[in-house]
Structure formats: structure tokens, C-alpha cells
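> sequence and predicted model, in that order:
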Amino acid sequence: MVRILHFADLHLDRSFAGLSVAPSEAAKRREELRAALRRIVDLALELDVDALTVGGDLYEHERAGPDTGNFIASEFARLAPKRVLVAPGNHDPYVPDSLYWRLEWPPNVHIFQTMSWEPVELSDTLTLWGAGHRGPAVRDNLLATLNVEAGRPFTREDIERSSVDFALLGHYHELRLRPQDAPRYAYPGSPEPLDFSETGDHYVLLLTANGQGLSCEPRKINEVVYQTSAIDITGMSTSDAIRKAICALAEDEAAARAIMRVTLTGQPESDLDLDLNALLQSTHDRFRYLDPIIDKTDTPFDLEQIAEESTTRGAFARMLRQEMADSPPADLPVLQNALHYGLRAFAGQEIRRR
């Protein structure tokens, strides 16, 4: 039996600049990515796997320096003599100034240096084939050239035609097993979520090969969670009410530990003084980290006043209100949305789907 632990898309030294996070939080996130690599190596030791494989984007080439390279090398050295097989990706390509090129790696680490498929025998019955990116943008269909009997993009048919039993991949940041009923290839996703688009659990993959075939088991690995919560503030007239609603989210322990983003929706009272920065400053300490609060509320309209206007907007409001009065109840939601979107357009406001 041969067992392989596979991960990808760790993105060590990510800037996190696009998340509007404070520099201290960005630094903390980078340290948490390092902690994830330590946990992955610990898990590989605990499971006594035969090899650890990396499906690209281990680090970010534009930011990673020798300290990060030395950290990676020292972690992989802990697994010796077990093999560590690294396929460079588009964010960490094998190029002359890369960490892969410049550093001296432990003897148990093998880096696939070319776009040509290279075999590595892990046992008498199992051979792993790998290829690495030589630049940040690769569009070649690598699997089209792989046939073990005689990348990206590729198709399921490419895998079947190649005669490989299983393809361990990287690039997508969420878990993907394809096809789900009897997987032939898998993306583990990022071990730690990297932004608010990457919600839920994150995984590494344990691949087991024996005389009966191959099995692939996702193993949860992340400790960080991103969460987005929407609060409907319709009818609220004080900032204190909104503050209490935000703090109520933190009563859930998981939410309090999350990197949280709060979006305010609905239609508050017209006299509400909505100071987003003040709300953030008075609630951020309830959470591990609270992103700047987003205002997606609707500006209240005085329909009675608008309908009295001798303007195009007034005529529009009168027409829609009359249609709503004459229409069956089933048609009211569509007409109400039409009135809402139309008045926002007249006001020059962003049109957001309700």
C-alpha cells in the first residue's frame, strides 16, 4: 500500500492587500499560512505517508524571499527520508530567480523543473508523473501529451486517454472531486482560505493506493474561517440598534473567531445617521477581525411627495402606483421592484438586485 498526502495553493507570503485589512492583520494572515504548512507536515508524519505532493502555488513568487524559502525547506526536511514532490504553479513558476532555482533543497525534495512529464517511482506498483510551470501563464494542455503506457486546461477525456489512475491537481481554491461518484482527479483547494470568496472548510487530500485500486479522502486542515453576514436594518432609526445587531453576531462563538464582513441591507428610517466607521470602531473588538462595514441599504423615498411632482419621475411613480392598484396580488412583487429600481435610477444610485 502507498499513501500520498497532497495539497496545493497555499500562497505563502500573500500580500492580502486587496482585502483592506490592517498591516498587522495581513502579517498575521501570512503567519497563519506558515502555520498551515507546519500542520500539513505534522499530518504527513502522523499518517506515515510515503510522499507529500504539492500541486503548485506553494508561495507567491513576487513577494517570497530567502526566509520563506528556508522555512519551506526546513519543514520539508522534517519528512526525510519521505519524498516531497513539488510541481511549481503559475504563482511560483520555476524561473531563474525563483526560490526553487536559488535555494539548496533537502535531498528528499524533488522539484519538477520542466513542462515535460517526468516519472518518479514511489513503489514497484506506483509511479507518479509530474510537470512544473516555467512561467506565470501556461495555456498548454499538458495531459494531452501524457500517456503513461507508451495542467491545464484539460478534460476528463484527457485523463482517461492518458491511462493514469488518478490526477492530483492544483489551481482552484475549493475542493473538487471529479467525477464525484468515482473520482479520477481532484483539486484539494487552498489549505487556508485566502479571502471572503473562500468560505467553509478547506482540505488536503489523502490518496491511498493498494491492490484493489485508489481511494481519495479529504482531510480538513484550515483553522481560519471567512464569514459574511447581512443585517437587515429596515425600520431602524438609531445607530445603537445597528450596533446591537452587529454585536449579536458575535454571540456565536464560530462567528466571533471568524474574519467577519458585515453588510447592511434594507431600508432604514430617513433620519438615521449611518456612520460606518463609528460602527466599526465600536464593534470590531467582538470579533477576531471585522472588515470595514459595507452599506447596501436602500435610500427611503417619500412616494407621496414624488407622486405630486410635475416631473418625469413623478409621472413614473404615479403610473407604477396605479398599475399596482389595478393588478392582482401575484403581480405586485414585480411592480414593486420596478418602482424601486426606477426611483434609484432617477436618483443616480447604484442599481442592486433585491
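Great, that's in hand.
> next, Glu121: phi, psi?
When quoted as degrees, to the nearest 10, the phi and psi of Glu121 stand at phi -80, psi 120.
> with adjacent residues omitted, what lies nearest to it?
Leaving aside its sequence neighbours, Glu121 sits nearest to Thr127 (Cβ to Cβ, 6 or more residues apart in numbering; 5.1 Å). Glycine gets a C-beta too; all of them are placed from N, C-alpha and C.
> how many neighbouring residues does that neighbour have?
Neighbour count for Thr127, taken as other Cβ atoms under 10 Å: 13.
> that one reaches Trp117, doesn't it?
No: Thr127 is beyond contact range of Trp117, at 10.7 Å (criterion: Cβ atoms under 8 Å).
> quick one: the residue located most distally from the centre of the chain from Phe316, how far?
Distance from the C-alpha centroid of the chain peaks at Ser310, with 50.7 Å (Cα atoms, centre = their mean). Remark: distance between Ser310 and Phe316 (Cβ to Cβ, to the nearest Å) = 12 Å.
> same deal with Glu251?
44 Å.
> who's more crowded, the two?
Each of Glu251 and Phe316 has its neighbours counted (other Cβ under 10 Å); Phe316 has more, 19 against 9.
> now do the helix or strand harbouring the more buried one: which elements does it pack against?
Taking DSSP states H and E as the criterion, Phe316 maps to helix 312-326. Contacts defined by 3 or more Cβ pairs under 8 Å, 6 or more residues apart in numbering; DSSP states H and E place helix 312-326 against helix 303-307, helix 332-346.
> next one: it to chain centre, how far?
Offset of helix 312-326 from its chain centre (Cα atoms, centre = their mean, to the nearest Å): 44 Å.
> quick check: angle from it to helix 332-346?
Counting by axes from the mean of the first three to the mean of the last three Cα atoms, to 10 degrees, helix 312-326 lies at 180 degrees to helix 332-346.
> could I get helix 312-326 in PDB with only the CA atoms?
Provided in PDB are the C-alpha atoms of helix 312-326 (Å, rounded to 0.1, in the frame of the first residue of the first chain):
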ATOM      1  CA  THR A 312     -40.800  62.500 -15.400                       C
ATOM      2  CA  ARG A 313     -40.000  60.900 -12.100                       C
ATOM      3  CA  GLY A 314     -43.400  62.000 -10.700                       C
ATOM      4  CA  ALA A 315     -45.200  60.600 -13.800                       C
ATOM      5  CA  PHE A 316     -43.300  57.300 -13.500                       C
ATOM      6  CA  ALA A 317     -44.300  57.000  -9.800                       C
ATOM      7  CA  ARG A 318     -47.900  57.800 -10.500                       C
ATOM      8  CA  MET A 319     -48.000  55.200 -13.300                       C
ATOM      9  CA  LEU A 320     -46.500  52.400 -11.300                       C
ATOM     10  CA  ARG A 321     -48.700  53.100  -8.300                       C
ATOM     11  CA  GLN A 322     -51.800  53.000 -10.400                       C
ATOM     12  CA  GLU A 323     -50.700  49.700 -12.000                       C
ATOM     13  CA  MET A 324     -50.100  48.200  -8.500                       C
ATOM     14  CA  ALA A 325     -53.600  49.300  -7.500                       C
ATOM     15  CA  ASP A 326     -55.100  47.700 -10.600                       C
END
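> for that helix, which outside residues touch it?
For helix 312-326, contacts defined as Cβ atoms under 8 Å, 6 or more residues apart in numbering pick out 303, 306-309, 332, 335-336, 338-339, 342-343, 346.
> equivalent analysis for stretch 276-289, please.
In contact with stretch 276-289 (Cβ under 8 Å, 6+ apart) are residues 21, 25, 239, 242-243, 246-247, 249-250, 255-260, 290, 292-293, 295.
> let's see it at 10 Å
19, 21-22, 24-25, 28-29, 224-227, 239-240, 242-251, 255-262, 264, 275, 290-295 (Cβ atoms under 10 Å, 6 or more residues apart in numbering).
> was I right about Asn70 contacting Tyr59?
No: between Asn70 and Tyr59 there is no contact under Cβ atoms under 10 Å: 11.9 Å.
> against Gly135, how distant is the nearest residue to Leu12 once chain neighbours are set aside?
Nearest residue to Leu12 in three dimensions, chain neighbours excluded: Tyr59, at 3.9 Å (Cβ to Cβ, 6+ apart). Distance, Tyr59 to Gly135, using Cβ to Cβ: 16 Å.
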